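A.B. asks: no sequence on this one, just coordinates:
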């Protein structure tokens, strides 16, 4: 029996919740961080935050589509759990890397700009 449809559904549900929740948290808290750096310009702060959120969504949606497109057939429950855990942990690692990269880049750029 092929469990791919079940796995796709579980993977998409889990990762949709993760993507939306982390996106909302990073957008809200990131705006505060960017506003602290750009104390004078609230419009620029808002635009940078929106741009980062859009890039975040595009990268994550692209990753999820790419991963589901290249999935091998699954024939056992243990393969479902292993596959979902592995692919979800990869997306969480990518999110953490992008978050810290953006913080470093923005703080470095703004320090050099001032």
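C.D. replies: Received the coordinates, thanks. What you are looking at is a predicted structure, and each value in this text was computed from that prediction instead of being measured.
A.B. asks: Going by C-alpha atoms from here, please, whenever you check contacts or count neighbours.
C.D. replies: Will do.
A.B. asks: check which helix or strand covers the most centrally placed residue in the chain.
C.D. replies: The structure's the chain has its C-alpha centroid closest to residue 95; by Cα atoms, centre = their mean the separation is 4.4 Å. Using DSSP states H and E, residue 95 falls within helix 77-113.
A.B. asks: Check which helices and strands that helix is in contact with.
C.D. replies: Packing partners of helix 77-113 (3 or more Cα pairs under 8 Å, 6 or more residues apart in numbering; DSSP states H and E): helix 4-37, helix 42-69.
A.B. asks: Compute the mean per-residue pLDDT across the first one, please.
C.D. replies: For helix 4-37, mean pLDDT rounds to 86.
A.B. asks: Same question for the last one.
C.D. replies: Within the predicted structure, the mean pLDDT of helix 42-69 is 86.
A.B. asks: That helix to helix 77-113, inter-axis angle?
C.D. replies: 150 degrees (axes from the mean of the first three to the mean of the last three Cα atoms, to 10 degrees).
A.B. asks: Lovely, talk soon.
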